[in-house]
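**Student:** curious how this folds, go ahead:
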Amino acid sequence: MHKIVSSVVLTALAGSLALAYPAHAASPKAQAATVKEAPLRAHLAFLASDAVEGRGTGQRGGELTVTYLETQAAAIGLQPANQGSFRQPVKIAGVRALPQKSNLGLVAGGQALPLQFGSDWVWGPGDAKADHTLDAEMVFVGYGISAPEEDWDDFKGQDFKGKVLVMMVNDPKPTAAEPKRFNGEGLTYYGRWTYKLEEAARQGAAGVLLIHTDASASYGWSVVQNSWAAAERFQLAEGKLGTGLQGWMTDATARKLFAAAGQDLDQLRAAAEDKNFKPVVLNARVKGEARAEVRTLNEFNVAGVVPGTDPRLKDELVVYSAHWDHMGKQGTEGDTIFNGAVDNASGTAALLAMAQEAVRNPAKRSQMFLWVAAEEQGLLGSAAYAAKPLWPLEKTVANLNLDSLNFVGLVKDVSTPGSERTDLGAMAAATAKSMGMVIAPSKPDLGGGYFRSDHFSFAKAGVPAFSVGQGHDWVKDVEASSAKRKAYAARYHQANDEYDPNWDLSGMVQQAQFTLNLGRMVADSPKAPAWKAGDPFGKARTASK
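**Tutor:** A predicted model of the protein is given here:
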């Protein structure tokens with residue numbers, strides 16, 4: 001019944017909304033691909049409204065959003081990217097640990113440690129299975145990194161099947177002798193906690209526990225506690241899954257564990273800064289039953305294509321992406337809808353406005369407009385796309401991602417962090433110059449921002465990719481504009497990230513136009529962009545050819 005209703009609604013809306021795009025009947029090259037504010041604002045106002053209930057994963061608002069996007073894609077004139085459908089299913093598992101029904105614990109030096117779930121440690125399944133029974137030896141593996149290009153291997157060829165690995169987050173620190181190791185001050189993907197969980201699975205471990213400190217994580221324990229203990233977490237339910245047990249422990253818990261196991265945590269941390277570090281088996285075990293509530297659901301990416309015009313290059317593709325999801329409805333009191341106007345109704349709406357223009361003026365290469373699901377849950381939609389792409393990745397020449405656009409006003413610069421890894425950097429600079437703008441100065445990526453947006457799923461698969469960010473050199477009212485932008489930090493991921501009809505969207509249009517212009521340059525270029533020599537993600541591209 002649901003599919004029938006959705007189909008009827010889609011057909012009716014497509015028919016009526018097609019009237020909103022009368023210029024589509026004109027010749028495809030009748031006008032330049034100029035992003036218009038009116039459709040962008042209209043899409044933004046709707047997508048950030050209470051009507052779609054915060055676009056939550058696994059919630060009614062998410063389904064309404066997908067229906068809206070596929071309806072708009074059809075009205076604009078995009079071609080369905082998935083065998084006649086705009087939808088690409090993304091099978092997701094919702095996981096909630098059940099500590100009250102579990103008896104999982106840590107035993108060190110023959111003694112059980114008194115631990116409280118939530119305040120001392122958190123855990124859950126990484127393989128979308130509800131029940132696990134463990135009696136596993138614990139092994140400290142330092143940073144848990146295997147990076148051949150850095151001549152670094154914390155695992156030293158040992159067998160970790162059935163073990164629970166204990167890891168630090170972040171990268172090994174730079175030294176006077178090696179000031180640029182692991183990107184110096186910046187964070188590499190090897191430092192991200194998501195990498196640690198992935199690497200534990202590749203090592204065949206039964207589980208992994210990460211040691212949290214405020215300094216290494218750049219946030220307090222409460223952030224971990226809220227994500228792992230207080231809310232349902234989502235993960236992919238098929239493909240490459242994680243270890244049976246995943247979790248975190250506080251620094252205080254780690255110190256108690258290591259001391260009871262006869263080890264000095266500070267000494268082991270210091271030893272782990274050396275590439276000759278070897279795993280240390282702890283006189284400790286993870287024992288007991290871990291139970292969780294697990295449900296599976298289908299979310300959807302939405303994808304439409306503008307076919308290329310060149311007989312040879314049309315088989316290659318430029319992808320523009322943005323995540324459509326936000327936090328949905330939460331709680332029962334006060335404002336329960338997390339509208340996510342900036343994050344990321346702005347990028348979602350911008351892609352629709354850009355697609356409208358791309359249809360009118362196609363490029364030599366084909367162009368895909370991809371709205372991905374469940375970014376807020378860990379880039380799940382883009383990861384699912386990269387695992388099962390709707391267009392061959394070896395024929396996908398670039399991905400340009402939009403997330404949280406400029407709602408303040410016009411700028412003189414544009415941020416392109418990560419573009420310098422590939423030829424996209426020079427192309428972005430040329431695009432900015434053609435628009436009377438410059439590229440914002442680069443800064444060390446201390447928080448690992450490059451690895452936290454949907455473009456990274458493409459980069460890991462070898463596709464040149466980055467997210468087009470906001471500029472900060474305001475054209476007018478510099479002080480007021482800066483204050484307005486800084487004030488957003490208090491609204492980030494809060495219920496008051498709401499659309500304001502008084503917003504000056506000239507900067508948002510500018511950012512969308514830059515992205516479309518850059519994509520058009522890539523789509524019309526005789527040569528596809530390549531990774532810079534030595535970049536680790538470029539190796540994935542080489543391996544796929």
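
**Student:** and the strands in the stretch 401-545 of the chain?
**Tutor:** 413-414, 438-439, 465-467 (DSSP state E, counting those that start in this stretch).

**Student:** could I get these as JSON lines with distance to T431 and mean neighbour count?
**Tutor:** Yep, even glycine has a C-beta here, placed from its N, CA and C like the rest. Below are these laid out as JSON lines (distance: least, C-beta to C-beta, whole Å; neighbours: other C-beta atoms under 10 Å):
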{"stretch": "strand 413-414", "distance to T431": "9", "mean neighbour count": "21"}
{"stretch": "strand 438-439", "distance to T431": "9", "mean neighbour count": "17"}
{"stretch": "strand 465-467", "distance to T431": "13", "mean neighbour count": "27"}
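
**Student:** those: which one's closest to T396?
**Tutor:** strand 465-467 (9.2 Å; C-beta to C-beta).

**Student:** what packs against whatever helix or strand A42 lives in?
**Tutor:** In this assignment (DSSP states H and E), A42 forms part of helix 37-47. Taking 3 or more C-beta pairs under 8 Å, 6 or more residues apart in numbering; DSSP states H and E as contact, the helices and strands that helix 37-47 lies on are helix 60-76, helix 346-360, helix 506-524.

**Student:** residues of the lengthiest strand in the chain that come out buried?
**Tutor:** Longest strand in the chain, counting residues (DSSP state E): strand 280-306. Within strand 280-306, the residues that count as buried by 16 or more other C-beta atoms under 10 Å are 280, 282, 284-286, 288, 290-292, 294, 299-306.

**Student:** where in the stretch 401-545 of the chain is pLDDT low?
**Tutor:** Filtered on pLDDT under 70, the stretch 401-545 of the chain yields the residue ranges 540-545.

**Student:** ranges for the helices of the stretch 301-450 of the chain?
**Tutor:** Remark: helices assigned in the stretch 301-450 of the chain by DSSP state H, counting those that start in this stretch are 346-360, 380-387, 424-434.

**Student:** roughly how far out does the second one sit from the chain middle?
**Tutor:** Here the centre of helix 380-387 is set off from its chain's centre by 10 Å, with C-alpha atoms, centre = their mean, to the nearest Å.

**Student:** quick one: contacts of that helix?
**Tutor:** 88, 90-92, 234-236, 239-240, 299, 301, 303, 321, 323, 325, 370, 372-375, 393, 454-458, 460-461 (C-beta atoms under 8 Å, 6 or more residues apart in numbering).

**Student:** R269 falls within a helix, correct?
**Tutor:** Yes - R269 sits within a helix when classified using DSSP: H, G, I helix; E, B strand; the rest coil.

**Student:** can you give me the pLDDT of it?
**Tutor:** pLDDT recorded at R269 is 98.

**Student:** what about it, neighbour count?
**Tutor:** 16 (other C-beta atoms under 10 Å).

**Student:** hang on, the earlier thing: drop anything exposed from the contacts of helix 380-387.
**Tutor:** Buried, going by 16+ other C-beta under 10 Å: 88, 90, 92, 234-236, 299, 301, 303, 321, 323, 325, 370, 372-375, 393, 454-458, 460-461, out of these.

**Student:** now do the strands in the stretch 51-200 of the chain.
**Tutor:** 79-80, 87-97, 105-108, 111-112, 121-124, 131-140, 146-147, 152-153, 164-168.

**Student:** so which of these is nearest A345?
**Tutor:** Taking the strands of the stretch 51-200 of the chain one by one with C-beta to C-beta, strand 87-97 is closest: 19.6 Å.

**Student:** so what's R520 closest to, chain neighbours aside?
**Tutor:** A363 (5.4 Å; C-beta to C-beta, 6 or more residues apart in numbering).

**Student:** pLDDT weak spots in the chain?
**Tutor:** Across the chain (using pLDDT under 70), the flagged ranges come out as 1-31, 540-545.

**Student:** which residue of it lies farthest from its centroid?
**Tutor:** G110 (41.4 Å; C-alpha atoms, centre = their mean).

**Student:** dump the strands of the stretch 401-545 of the chain into a markdown table; add distance to D266 as well.
**Tutor:** Listed next are the strands of the stretch 401-545 of the chain as a markdown table, based on distance: least, C-beta to C-beta, whole Å:
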| stretch | distance to D266 |
| --- | --- |
| strand 413-414 | 44 |
| strand 438-439 | 42 |
| strand 465-467 | 38 |
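
**Student:** out of those, nearest to L245?
**Tutor:** Per C-beta to C-beta, nearest to L245 of the strands of the stretch 401-545 of the chain: strand 465-467, 31.8 Å.

**Student:** what's the closest one packed up against?
**Tutor:** strand 396-401, helix 455-460.

**Student:** between these, which gets nearest to D274?
**Tutor:** helix 455-460 (27.8 Å).

**Student:** mind giving me the packing neighbours of the closest one?
**Tutor:** strand 317-323, helix 380-387, strand 396-401, strand 465-467.

**Student:** can you put those in JSON lines and add distance to I76?
**Tutor:** Formatted as JSON lines, the helices and strands packed on helix 455-460 follow (distance: least, C-beta to C-beta, whole Å):
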{"stretch": "strand 317-323", "distance to I76": "13"}
{"stretch": "helix 380-387", "distance to I76": "20"}
{"stretch": "strand 396-401", "distance to I76": "18"}
{"stretch": "strand 465-467", "distance to I76": "23"}
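
**Student:** tally of neighbours for the closest residue to K532 other than its chain neighbours?
**Tutor:** Take K532 and drop its neighbours on the chain: the residue closest to it by C-beta to C-beta, 6+ apart is R421, 5.8 Å away. For R421, the neighbour count with other C-beta under 10 Å is 20.

**Student:** so R421 touches A530, yeah?
**Tutor:** No - contact criterion C-beta atoms under 8 Å: R421 and A530 do not qualify, at 10.3 Å.

**Student:** these two touch, right, L113 and A254?
**Tutor:** No - the criterion here is C-beta under 8 Å, and L113 misses it with A254 at 10.7 Å.

**Student:** between those two, which has more neighbouring residues?
**Tutor:** The neighbour comparison of L113 against A254 (other C-beta under 10 Å) goes to A254, with 23 against 17.
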